[in-house]
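Engineer: heads up, no residue letters with this:
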Ligand SMILES: O=C(O)CCC(=O)C(=O)O
Ligand SMILES: [Fe+2]
């Protein structure tokens, strides 16, 4: 069982108030604790998706079977820090089954979900987004984090009926890992990184996690926030989003752009660790999630990172913009300093 990523969070315990979500099923108005001061745009503020729209307005959709996929991925990671991926090889039914299990989980009564509440020093189970302590207001969101086997947490929720959930999640994690390895090899070959330095790819002790996200429909979506702006701590993240728009990427430090869901495509975000390894060539994507008044939204994120003791450093020939840091150390810096983490390790 891979519990390594949990180790990195033990030293950074959270207060229970930053872990226990609101009981959204009984929230018929927006409590002050969840009311963000300024108006949040939602997807109604954007023109609906249209394939003819200017290609520079939407993150690129890349076909993994395209002979030029690697170059396209490089370009997307430089410009956007994100892309959508089709023909990725993960069977549709695998993704659909995981989304169904996420729906089954989040539809449970609050007291049943709270049985698997993340412990203050823990990394897995049910709870608010980990970034909650860094914002003055809470988010319109519930999450469930899985590292390795989810059986320990799932058993608390479904004492006699957790095997199906666990099998589907473990299979999803396994399949995502294979895809992540393929993408890592592509990104590393774009940067001319030698095989000597990428021996960890394919190892069993990589740091991987699956995050199930639920955004209930919200009585005042324009004053609420699904997930506040953040970058992922991972090397990169592979995300499945349900058919509801909500995810937005901050493009080139200028504007929020919606990432509209497309059937059978996965979203890939560059994370902080790839930002460091590429010496800021591949930028970690600042992203956030908006909510809406009528539709619930689900997403499933797979975070992929090297083993905890791997030393992350810029693996390019130019002057290094970041100092060396182990994955575990960087997770600690991010857990304490959030948005300042990259600048704290800048040279
Ligand atoms: O729900 C989404 O689309 C994004 C989720 C996300 O950013 C995360 O889990 O880190
Ligand atoms: Fe994220």
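Structural biologist: Done, it's in. Because the structure is predicted, anything quoted here is derived from the model rather than measured. Ligands and ions are numbered 1, 2, ... in the order given.
Engineer: for the nearest residue to residue 104 once chain neighbours are set aside, phi and psi?
Structural biologist: Spatial nearest neighbour of residue 104, excluding adjacent residues (C-beta to C-beta, 6 or more residues apart in numbering): residue 165 at 7.8 Å. Yep, even glycine has a C-beta here, placed from its N, CA and C like the rest. Main-chain dihedrals, residue 165, degrees, to the nearest 10: phi -60, psi -50.
Engineer: I'd say residue 165 and residue 101 touch.
Structural biologist: Yes. With contact defined as C-beta atoms under 8 Å, residue 165 counts as touching residue 101 (5.3 Å).
Engineer: contacting residues for the residue positioned nearest the centre of the chain?
Structural biologist: Nearest to the mean C-alpha position of the chain, by C-alpha atoms, centre = their mean, lies residue 301 at 4.4 Å. With contacts defined as C-beta atoms under 8 Å, 6 or more residues apart in numbering, the neighbours of residue 301 are 210-211, 213, 232, 237-240.
Engineer: what separation do you get for the residue nearest to residue 104 and ligand 1?
Structural biologist: Distance, residue 165 to ligand 1, using C-beta to the nearest ligand atom, to the nearest Å: 19 Å.
Engineer: dump the residue contacts of that residue.
Structural biologist: 101, 104-105, 150, 154, 158.
Engineer: returning to what we had before: with distance to ligand 1 added, can I get the contacts of residue 301 in TSV?
Structural biologist: Converted to TSV, the contacts of residue 301 look like this (distance: C-beta to the nearest ligand atom, whole Å):
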residue	distance to ligand 1
210	10
211	5
213	4
232	5
237	6
238	11
239	6
240	9
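Engineer: and those, which two are furthest apart?
Structural biologist: 232 and 240 (14.7 Å; C-beta to C-beta).
Engineer: what about the helices in this structure?
Structural biologist: 4-10, 69-79, 92-106, 110-113, 151-157, 163-190, 272-277, 327-337, 341-344 (DSSP state H).
Engineer: now, of those, which is deepest in the fold?
Structural biologist: Counting by mean count of other C-beta atoms under 10 Å, helix 272-277 has the highest mean neighbour count of the helices of the chain, with a mean of 26.
Engineer: for it, packing partners?
Structural biologist: Counting contacts by 3 or more C-beta pairs under 8 Å, 6 or more residues apart in numbering; DSSP states H and E, helix 272-277 packs against strand 311-312, helix 327-337, helix 341-344.
Engineer: and the second one with ligand 1, contact?
Structural biologist: No. Helix 327-337 stays clear of ligand 1 (C-beta under 6 Å from any ligand atom), getting no nearer than 12.4 Å.
Engineer: off-centre distance for that helix?
Structural biologist: 16 Å (C-alpha atoms, centre = their mean, to the nearest Å).
Engineer: please apply the same query to the last one.
Structural biologist: On the basis of C-alpha atoms, centre = their mean, the separation between the geometric centre of helix 341-344 and that of its chain is 19 Å.
Engineer: same deal with the shortest one?
Structural biologist: A distance of 21 Å separates the C-alpha centroid of strand 311-312 from that of its chain, computed with C-alpha atoms, centre = their mean.
Engineer: so what touches it?
Structural biologist: 273, 276-277, 306, 324-327, 330.
Engineer: repeat for the longest one
Structural biologist: By C-beta under 8 Å, 6+ apart, the residues outside helix 327-337 that reach it are 5, 7-9, 11-12, 130, 207, 233, 272-273, 276, 305-310, 312, 325, 341, 344-345.
Engineer: how many residues are close by the closest residue in space to residue 7 that isn't next to it in sequence?
Structural biologist: Distance criterion C-beta to C-beta, 6+ apart; nearest residue to residue 7, sequence neighbours excluded, is residue 308 at 6.5 Å. Neighbours of residue 308 under the rule other C-beta atoms under 10 Å: 18.
Engineer: can you check the one 3 residues further on too?
Structural biologist: Other residues within reach of residue 311 by the criterion other C-beta under 10 Å amount to 10.
Engineer: is it possible to get TSV of the helices and strands packed on helix 272-277 that adds mean pLDDT and distance to residue 247?
Structural biologist: Below are the helices and strands packed on helix 272-277 laid out as TSV (pLDDT from 0 to 100; distance: least, C-beta to C-beta, whole Å):
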stretch	mean pLDDT	distance to residue 247
strand 311-312	96	26
helix 327-337	96	21
helix 341-344	98	21
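Engineer: reformat these as CSV; add distance to residue 110.
Structural biologist: Shown next, in CSV, are these (distance: least, C-beta to C-beta, whole Å):
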stretch, distance to residue 110
strand 311-312, 39
helix 327-337, 27
helix 341-344, 33
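Engineer: just tell me which of those ends up closest to residue 21.
Structural biologist: helix 327-337 (19.5 Å).
Engineer: quick revisit: and which of the contacts of strand 311-312 is nearest residue 35?
Structural biologist: Among the contacts of strand 311-312, and counting by C-beta to C-beta, the member closest to residue 35 is residue 330, at 33.2 Å.
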